[in-house]
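# I'll drop the sequence and a predicted model, then ask my questions.
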Amino acid sequence: MKFELQHTSTDSKARTGQFHTGHGVVETPVFMPVGTIGSVKGIHFKDLKEDIKARIILGNTYHLYLRPGIEILEKAGGLHRFIGWDKPILTDSGGFQVFSLGDIRKISEEGAKFQSHIDGSRHMFSPEVVIDIQRAIGADIIMAFDECTPGDADYGYAKKSLELTQRWLERCINQFEVTQPGYGYQQTLFPIVQGCVYPDLRVKAAEHAATYNADGYAIGGLSVGEKEEDMYAMIEVVNNILPAHKPRYLMGVGNPANILEGIDRGIDMFDCVMPTRNGRNGMLFTRNGVINIRNSKWSADFTPVDPEGDSFVDHQYTRAYLRHLFQAGEMLGPMIGSIHNLAFYMWLVNEARKQIIQGTFKPWKEKMVIQMRHRL
């Protein structure tokens, strides 16, 4: 995967770039809608392409492995063909999902044994198995298998966990090097930097990951219960070490303010379920703040959801109509809310890119962070 660093902000570490994959070029900063099981919940791919203008989506190894299953995906010719998506796909390794299973998983040197949340069946994810699964899924960018530590983990646990993740990384890279992509285009592997909220562990993790000269790097284990200021501090620690000429992916983060703060600190790639999850529940992001569309105050408000917005949702639907859909339990309401929020996230990273190029990112970001935290 070729990455080109294009512009760097004069008053922050924000930057723009682009990377090339077998399914097209992606400009950064970029937000990746989460398509956990091969679909972005409630969104047609036509809307993703034409209205939301997504450039890359994320799939999840754990969920796709359980269903539809690797055999089906291989018969289909990979995930791209199975779902009808011709743009890039990134898969996470399933490490976070295994971590979230709690009492129905057991982690050892070999890997992670777990029970399916669907039917209770037992499975084993080792670094080698996870690479093979992602090869079969056919994502353009795949992740190394890691243990995701909770944000409140004590130092001893975080240190042992990081050491295990680093040993797993070596096995992932070895397996990646002795296997081949199966669908006629190249795949690339990102190491994941862990270390919880401990600066020395994050330094150790970033230095270790950088020795592999990967095409890009992911930062994991953040936005999992730690304070926001700790998350931002860890991003700064890691990005001071990771190579500047490679893309940096902050996994699972976050709200619009988090994304702008991440860009400010040199992050290039983001994903999060927040825009669709919040959209399904009537929490809508706008340039001037957050709207709970279920509130009665919007019942006779015939202005657009975001008067300054440029998505088709903002041109076609009023706040009053959208509130009516939610109150009536009509499935169109959550769909429109999800589309609106994803379109807003796309606008946000695209506008950040423009501001970086113009040299005005920092003051724009400071204003936007305040505005977007406001409840309308």
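In hand now; what should we look at?
# From here on, just use CA atoms for contacts and neighbour counts.
OK.
# can you tell me which helix in the protein is longest?
In the chain, ranked by residue count with DSSP state H as the criterion, the top helix is helix 332-358.
# how about low-confidence regions in this protein?
Within the chain, the ranges that satisfy pLDDT under 70 run 99.
# How is it divided into domains?
Using automatic domain parsing, the domains assigned to the chain come out as 2-272, 279-372.
# Turn the ones you listed into JSON lines, including mean neighbour count.
Output for the domains of the chain, formatted as JSON lines (neighbours: other Cα atoms under 10 Å):
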{"stretch": "domain 2-272", "mean neighbour count": "19"}
{"stretch": "domain 279-372", "mean neighbour count": "19"}
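# Give me the next element, helix or strand, following the longest helix of the chain.
helix 361-372 (DSSP states H and E).
# Excluding its own residues, what touches that next one? List them.
9, 11-12, 14, 256-257, 260-261, 264, 285-290, 352, 355 (Cα atoms under 8 Å, 6 or more residues apart in numbering).
# re the thing from before, chain center to the longest helix of the chain: distance?
14 Å (Cα atoms, centre = their mean, to the nearest Å).
# Between helix 361-372 and it, find me the angle.
Going by axes from the mean of the first three to the mean of the last three Cα atoms, to 10 degrees, helix 332-358 is angled at 160 degrees with respect to helix 361-372.
# what packs against whichever strand or helix holds C172?
Using DSSP H and E, C172 falls within helix 155-177. Where contact means 3 or more Cα pairs under 8 Å, 6 or more residues apart in numbering; DSSP states H and E, helix 155-177 is packed against helix 127-137, helix 199-210.
# Next secondary structure after the first one?
Going back to what we said before, that points to helix 127-137. Sequence-wise, the next helix or strand downstream of helix 127-137 (DSSP H and E) is strand 141-143.
# Please name every helix or strand in contact with that following strand.
strand 89-92, strand 188-190.
# how about 10 Å then?
Counting contacts by 3 or more Cα pairs under 10 Å, 6 or more residues apart in numbering; DSSP states H and E, strand 141-143 is packed against strand 57-60, strand 89-92, helix 127-137, helix 155-177, strand 188-190.
# do you know which of these lies nearest Q327?
strand 57-60 (30.6 Å; Cα to Cα).
# Show me what that closest one is packed up against.
strand 30-32, strand 89-92, helix 95-100, helix 127-137, strand 141-143, strand 269-271.
# from the middle of its chain, how far away would that strand be?
On Cα atoms, centre = their mean, the centre of strand 57-60 falls 8 Å from that of its chain.
# just checking, what packs against whichever helix or strand comes after that strand?
Next in sequence after strand 57-60, counting helices and strands by DSSP H and E, comes helix 61-66. Secondary-structure packing of helix 61-66 (3+ Cα pairs under 10 Å, 6+ apart): helix 70-76, strand 89-92, helix 95-100, helix 127-137.
# Could you save the helices and strands packed on strand 57-60 as JSON lines and add columns showing distance to N213?
Below are the helices and strands packed on strand 57-60 laid out as JSON lines (distance: least, Cα to Cα, whole Å):
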{"stretch": "strand 30-32", "distance to N213": "22"}
{"stretch": "strand 89-92", "distance to N213": "19"}
{"stretch": "helix 95-100", "distance to N213": "22"}
{"stretch": "helix 127-137", "distance to N213": "18"}
{"stretch": "strand 141-143", "distance to N213": "15"}
{"stretch": "strand 269-271", "distance to N213": "18"}
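# and the residue nearest the centre of the chain, bridged to which residues?
Centroid-nearest residue in the chain: D271, 1.8 Å away (criterion: Cα atoms, centre = their mean). Beta bridges link D271 to M32, judged by DSSP bridges.
# Just to check, it is in contact with M251?
Yes: assessed by Cα atoms under 10 Å, D271 is found in contact with M251 at 6.1 Å.
# Indicate which one of the helices and strands packed on strand 57-60 is closest to H63.
Nearest to H63, of all the helices and strands packed on strand 57-60, is helix 95-100, at 8.5 Å by Cα to Cα.
# got the CA coordinates for the closest one in PDB?
Extracted C-alpha coordinates of helix 95-100, given in PDB (Å, rounded to 0.1, in the frame of the first residue of the first chain):
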ATOM      1  CA  GLY A  95      -9.300  -8.600  19.300                       C
ATOM      2  CA  PHE A  96     -11.800  -6.100  20.700                       C
ATOM      3  CA  GLN A  97     -14.700  -8.400  20.300                       C
ATOM      4  CA  VAL A  98     -12.900 -11.200  22.000                       C
ATOM      5  CA  PHE A  99     -12.000  -8.800  24.800                       C
ATOM      6  CA  SER A 100     -15.700  -7.800  25.200                       C
END
